[in-house]
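Enquirer: no sequence for this one, just the structure:
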DNA sequence: TTAATTTTTTAGATTTGTCTAAATTTTAAA
DNA sequence: TTTAAAATTTAGACAAATCTAAAAAATTAA
């Protein structure tokens, strides 16, 4: 089945709100979509009639199994485009979201599967959010060495191997610790050093150091 | 200014019809867009009010300078996406058009300029049609050696250098002559030989031969 | 547990793009 | 040059998605 841009935006928004609360209210959704409660009710009836929602008037709604499946495919499209924009076209972290909002509504499954392949089946988007695979499955959140974090992508430091005093001194000097959120800005091929952005600071670290820092996407 | 998908489709269709006839009729446009004459008239009033058309009721219309400029930018988006789909995602000549129809309506100028750069500023799309540059200029139609024709791209043989009897014999055998339309399917890195599609046939030619065949896009 | 407040839904209007059917204008034919 | 045919426009209706204002239901507070 095929859905309008508006229907897709509603499904996606409901999915995201459900991550926090399993049942979503009319007002919460209206705020998220920058629209009015009355408009939400209208759309809920429509999506409900299509079997994408469990909806009890006055008591909120949640995605049906089918609705959730569709939402995940929309999110898949969104995050793959974000990855493309960031990695291939060099857009910054902040710019990709808005553009992906538009691209995500081009719904050809074949296009998205080819794009996925072209990008090397990335498990996370530049914001660190997992990208549903061709079957709608989300990658489990795993940690991996900082050197594998793609350009323009955000990670959170979760582990540091090699706890020598020398290394800890260096980390402290650069103000990097467990929980630090950092974004990879550049890889220098000459020495494999990496330029990071931490909040507003720009920091360069050696390959040796990067290999010992583990991050999770976030 | 920003335009709806529908307005963009009308502008593009008028541009293409104008290539054949400088003034476009209501019925011709209705047929091209698979819609009704009455709908066309409605839209003509709207585009006319926006200054994109020269419109005399009952006497057809043509794009204003501004309308033409916008049409060229839509065509730029369309053809760049076609090139991307063909060259990067491996879609065939026949598949790219429909997908590009959807992608072309994502209108961020920055996105398209970055895509253009990423693709290496291609002057022609896979159908051989020229891609307007960032200023809306179309490449002049030039001939170049077959070896430079990108994968999944159509060219028309327009010149054959080295007119030795041996070469002409080979060309005749492969049924290639001036005016032959061919599509490049594959480059084999091992010997630089090229696999072509000519109508429904698949033909392989050597690098040596390909260097002597000149084509124009289209 | 009743009244006040908040949330949600309904009713009716609006905009965009489309349609059919009727009216108008132009073009072609007798 | 008048009439018939074809093309175009107008008028009025409809579907999708939205809005405001009013009504209905649920929640909270006295």
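Expert: Received it, and whenever you're ready, just let me know what you need. Remember, it's a predicted structure, so these values are computed and weren't measured experimentally.

Enquirer: every contact and neighbour count from this point should use C-alpha atoms.
Expert: Will do.

Enquirer: which residue is nearest the middle of chain A?
Expert: Residue closest to the mean C-alpha point of chain A, counted by Cα atoms, centre = their mean, is residue A:129 at 2.8 Å.

Enquirer: the helix or strand where residue A:202 lies: what's the following helix or strand?
Expert: Here residue A:202, judged by DSSP states H and E, is contained in strand A:201-205. Per DSSP H and E, the first helix or strand lying C-terminal to strand A:201-205 is helix A:207-211.

Enquirer: the very next helix or strand once past that following helix - contacts with which helices or strands?
Expert: With elements assigned by DSSP H and E, the helix or strand that comes after helix A:207-211 is strand A:213-217. Under the contact criterion of 3 or more Cα pairs under 8 Å, 6 or more residues apart in numbering or on different chains; DSSP states H and E, strand A:213-217 touches strand A:143-145, strand A:154-160.

Enquirer: secondary structure class for residue A:121?
Expert: coil (DSSP: H, G, I helix; E, B strand; the rest coil).

Enquirer: just checking, what packs against the top helix by length along chain A?
Expert: The longest helix of chain A (DSSP state H) is helix A:65-87. On a contact count with 3+ Cα pairs under 8 Å, 6+ apart, helix A:65-87 meets helix A:5-20, helix A:93-103, helix A:109-118.

Enquirer: what about the helices and strands packed on strand A:213-217, which gets the closest to DNA strand C?
Expert: strand A:154-160 (34.1 Å; Cα to the nearest atom of the strand).

Enquirer: give me the mean pLDDT for that closest one.
Expert: Averaging pLDDT along strand A:154-160 yields 87.

Enquirer: mind listing what's buried in stretch A:129-142?
Expert: A:129-133, A:136, A:138 (16 or more other Cα atoms under 10 Å in any protein chain shown).

Enquirer: which residues are contacting that stretch?
Expert: Applying Cα atoms under 8 Å, 6 or more residues apart in numbering or on different chains, the contact partners of stretch A:129-142 are A:69, A:72-73, A:75-76, A:79-80, A:113, A:121-125, A:216-218.

Enquirer: check stretch A:211-218 too.
Expert: With Cα under 8 Å, 6+ apart as the test, stretch A:211-218 has contacts from A:124, A:127-130, A:141-147, A:154-162.

Enquirer: ok so, going back, most widely separated two among the buried residues of stretch A:129-142?
Expert: Within the buried residues of stretch A:129-142, two members stand farthest from each other by Cα to Cα: A:129 and A:136, at 13.9 Å.

Enquirer: picking that back up, turn the buried residues of stretch A:129-142 into JSON lines, columns for secondary structure and pLDDT.
Expert: JSON lines is the format used below for those (DSSP: H, G, I helix; E, B strand; the rest coil; pLDDT from 0 to 100):
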{"residue": "A:129", "secondary structure": "coil", "pLDDT": "87"}
{"residue": "A:130", "secondary structure": "strand", "pLDDT": "92"}
{"residue": "A:131", "secondary structure": "coil", "pLDDT": "96"}
{"residue": "A:132", "secondary structure": "coil", "pLDDT": "98"}
{"residue": "A:133", "secondary structure": "coil", "pLDDT": "97"}
{"residue": "A:136", "secondary structure": "coil", "pLDDT": "95"}
{"residue": "A:138", "secondary structure": "coil", "pLDDT": "94"}
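
Enquirer: now tabulate these in JSON lines and tack on distance to DNA strand C.
Expert: As requested, those are exported to JSON lines (distance: Cα to the nearest atom of the strand, whole Å):
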{"residue": "A:129", "distance to DNA strand C": "28"}
{"residue": "A:130", "distance to DNA strand C": "29"}
{"residue": "A:131", "distance to DNA strand C": "30"}
{"residue": "A:132", "distance to DNA strand C": "29"}
{"residue": "A:133", "distance to DNA strand C": "33"}
{"residue": "A:136", "distance to DNA strand C": "29"}
{"residue": "A:138", "distance to DNA strand C": "29"}
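
Enquirer: which one of these sits closest to chain B?
Expert: residue A:133 (17.5 Å; Cα to the nearest Cα).

Enquirer: doesn't residue A:197 lie inside a strand?
Expert: Yes - assessed with three-state DSSP, residue A:197 lies in a strand.

Enquirer: which residue is the nearest non-sequential neighbour of it?
Expert: Using Cα to Cα, 6 or more residues apart in numbering or on different chains and skipping residues adjacent in sequence, the residue nearest residue A:197 is residue A:183, 5.1 Å away.

Enquirer: can you tell me the SS state at that neighbour?
Expert: strand.

Enquirer: enumerate the residues of chain A near chain B.
Expert: Applying Cα under 8 Å from any Cα of the partner chain, one finds that chain A approaches chain B through A:88-89, A:99, A:102-103, A:106, A:108, A:111, A:114-115, A:118.

Enquirer: determine which two of these are furthest apart.
Expert: Every pair of the residues of chain A next to chain B checked by Cα to Cα; the farthest is A:89 and A:108, at 21.3 Å.

Enquirer: these two - which one has more neighbours?
Expert: residue A:89 (19 against 13; other Cα atoms under 10 Å in any protein chain shown).
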